[in-house]
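**Q** Sequence below, structure please.
(one chain, ligands or ions: 1)
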Amino acid sequence: MRMTKNEAEEACRQYNYLCDILEYTEQAFPIETRFGWEIYSRRKESMNMAEYQMKALETAMYPTLDNLGIYYTALGLCSEAGEVAGKIKKALRDKGGNYHAIKDDIKKELGDVLWYCATLADEFDLSLSEVAEYNIEKLASRKERGVIQGSGDDR
Ligand SMILES: [Mg+2]
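**A** This next block holds a predicted model:
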């Protein structure tokens with residue numbers, strides 16, 4: 001069952017509140033006595049988009065003069081998206097459609113796609129977070145207006 005937007009926001013609010021309590025608890029008590037340790041450790045392992053974009057940019061090494069950064073990252077994005085499609089095509093051809101066999105490959109290639117999304121966004125002085133938020137708002141609006149299906153960027 002899918003949550004409504006309000007339910008999801010409330011769940012996130014409660015989860016973050018719990019994590020704040022657990023963070024305080026970690027500071028106040030030794031690890032062995034902490035309540036909810038497992039939940040806290042999961043939160044520590046996740047990465048938000050701002051953090052990801054910052055780390056991705058630390059590894060960005062390409063020419064940037066005269067808009068070369070835009071060309072480089074746009075071409076890289078297309079190339080990596082093609083690699084995702086290539087892995088799926090080869091799973092169909094060579095592994096009888098056993099897509100579980102390529103899960104790790106897809107993980108790697110989607111990571112490469114994400115890296116180019118982060119760096120291309122930066123070339124336009126966009127944060128990955130604002131790109132993501134805008135996209136979700138756009139799709140939610142289309143869903144609300146019943147125009148998810150169809151075509152046109154500005155529907
Ligand atoms: Mg790749």
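**Q** Just the pLDDT at Leu114, thanks.
**A** On pLDDT, Leu114 comes in at 98.
**Q** Tell me which stretches of the chain form helices.
**A** Ranges of helices within the chain are 5-28, 37-45, 49-58, 68-94, 103-123, 128-145, based on DSSP state H.
**Q** which other helices and strands contact the third one?
**A** The one in question is helix 49-58. helix 103-123, helix 128-145 (3 or more Cβ pairs under 8 Å, 6 or more residues apart in numbering; DSSP states H and E). Every C-beta, even on glycine, is put in place using the N, C-alpha and C of the backbone.
**Q** Tell me which of these sits most buried.
**A** Among those, helix 103-123 has the highest mean neighbour count (mean count of other Cβ atoms under 10 Å), at a mean of 17.
**Q** tilt between that one and helix 128-145?
**A** 100 degrees (axes from the mean of the first three to the mean of the last three Cα atoms, to 10 degrees).
**Q** in this structure, which helix or strand is least confident?
**A** Across the helices and strands of the chain, mean pLDDT, DSSP states H and E gives its lowest value to helix 37-45, namely a mean of 52.
**Q** In terms of mean pLDDT, which of the helices and strands packed on helix 49-58 ranks lowest?
**A** Lowest mean pLDDT of the helices and strands packed on helix 49-58: helix 128-145, a mean of 94.
**Q** Can you name every helix or strand that it contacts?
**A** By 3+ Cβ pairs under 8 Å, 6+ apart, helix 128-145 packs against helix 49-58, helix 103-123.
**Q** for the shortest one, which positions count as buried?
**A** By neighbour count, with 16 or more other Cβ atoms under 10 Å as the criterion, the buried positions of helix 49-58 are 49, 52-53, 56.
**Q** ok, and what's touching it?
**A** Contact with helix 49-58 is made by 47, 114-115, 118-119, 121-122, 127-129, 132, as judged by Cβ atoms under 8 Å, 6 or more residues apart in numbering.
**Q** so can I have TSV of the helices and strands packed on helix 128-145 showing distance to Glu23?
**A** Shown next, in TSV, are those (distance: least, Cβ to Cβ, whole Å):
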stretch	distance to Glu23
helix 49-58	16
helix 103-123	27
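**Q** So which of the ones you listed is nearest Glu137?
**A** Closest of those to Glu137 is helix 49-58, at 14.8 Å (criterion: Cβ to Cβ).
**Q** Could you list the contact residues of the chain toward the ion?
**A** 80, 83, 109, 112 (Cβ under 5 Å from the ion).
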